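S.K.: Based on what follows, work out the 3D shape:
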Amino acid sequence: MFNRKTFLAILFVLLFALAGCGGNDPEPTATPAPAKPAAAAAPAVVGDAAAGETVFMSICIACHGPDAKGVTGLGKSLHTADSEFVRGKSDDELVQFILVGRTPDDPLNTTGVGMPAKGGNPAITEQQLHDVVAYIRGLK
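M.R.: Residues are numbered from 1 along each chain as shown. Predicted structure coming up:
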């Protein structure tokens with residue numbers, strides 16, 4: 001009759017064919033997955049410019065000056081009119097930049113002076129950074 005290899009091959013083909021047709025069971029109906037509620041967008045953090053001025057004058061002033069026009073050899077101007085960097089970033093991107101700072105050897109560092117994370121004040125909060133950004137955005 002059949003050798004063992006041929007028998008197993010035929011058996012495999014038959015089993016595969018039976019599995020594919022689903023036997024005598026009725027066609028299963030697809031049950032739609034329950035819809036997941038849309039994730040609520042995190043509310044945008046809004047900074048308070050007046051509070052930001054206070055923080056700026058206590059931390060950022062050392063390198064960026066009292067008028068935020070920059071101190072030669074230390075920090076650059078933060079005025080939107082002067083700073084393509086400030087103009088080109090969203091508020092959240094500026095906050096993220098201030099959170100981590102920039103090392104002196106970063107290829108994008110044009111002063112050769114490091115920008116310490118959180119302006120060198122580890123106690124500063126993200127809300128305070130948003131306040132500083134709001135203050136910077138209001139500089140004329």
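
S.K.: Please count neighbours and contacts with C-alpha atoms only from this point.
M.R.: Fine.

S.K.: And stretch 113-130, end to end?
M.R.: 23 Å (CA to CA, to the nearest Å).

S.K.: Contacts for it next, please.
M.R.: Stretch 113-130 has contacts (CA atoms under 8 Å, 6 or more residues apart in numbering) with 45-48, 51-52, 55, 59-60, 73-75, 91-92, 95, 98-104.

S.K.: cool, stretch 56-67 as well?
M.R.: For stretch 56-67, the surrounding residues in contact (CA under 8 Å, 6+ apart) are 68, 70, 71, 74, 75, 76, 77, 78, 119, 120, 121, 132.

S.K.: right, and the first one touches residue 79 too?
M.R.: Yes - counting by CA atoms under 8 Å, residue 68 does reach residue 79; the two are 6.6 Å apart.

S.K.: residues shared between the contacts of these two?
M.R.: Going by CA under 8 Å, 6+ apart, residues that sit against residue 68 and also against residue 79 are residue 136.

S.K.: circling back: most neighbours out of the contacts of stretch 56-67, which is it?
M.R.: residue 132 (28 neighbours; other CA atoms under 10 Å).

S.K.: Relative to residue 138, how far out is that one?
M.R.: Taken as CA to CA, the span from residue 132 to residue 138 is 10 Å.

S.K.: Repeat that for residue 88.
M.R.: Taking CA to CA, one finds residue 88 at 15 Å from residue 138.

S.K.: Could you point out the helix or strand that follows the helix or strand bottoming out on mean pLDDT in the chain?
M.R.: Sorting the helices and strands of the chain by mean pLDDT, DSSP states H and E puts helix 4-21 at the bottom, at a mean of 46. Next in sequence after helix 4-21, counting helices and strands by DSSP states H and E, comes helix 49-55.

S.K.: Can you name every helix or strand that that next one contacts?
M.R.: helix 126-137 (3 or more CA pairs under 8 Å, 6 or more residues apart in numbering; DSSP states H and E).

S.K.: before we move on, back to that, list residues touching both of residue 132 and residue 138?
M.R.: The contact sets of residue 132 and residue 138 overlap at residue 49 (CA under 8 Å, 6+ apart).

S.K.: Much appreciated, bye for now.
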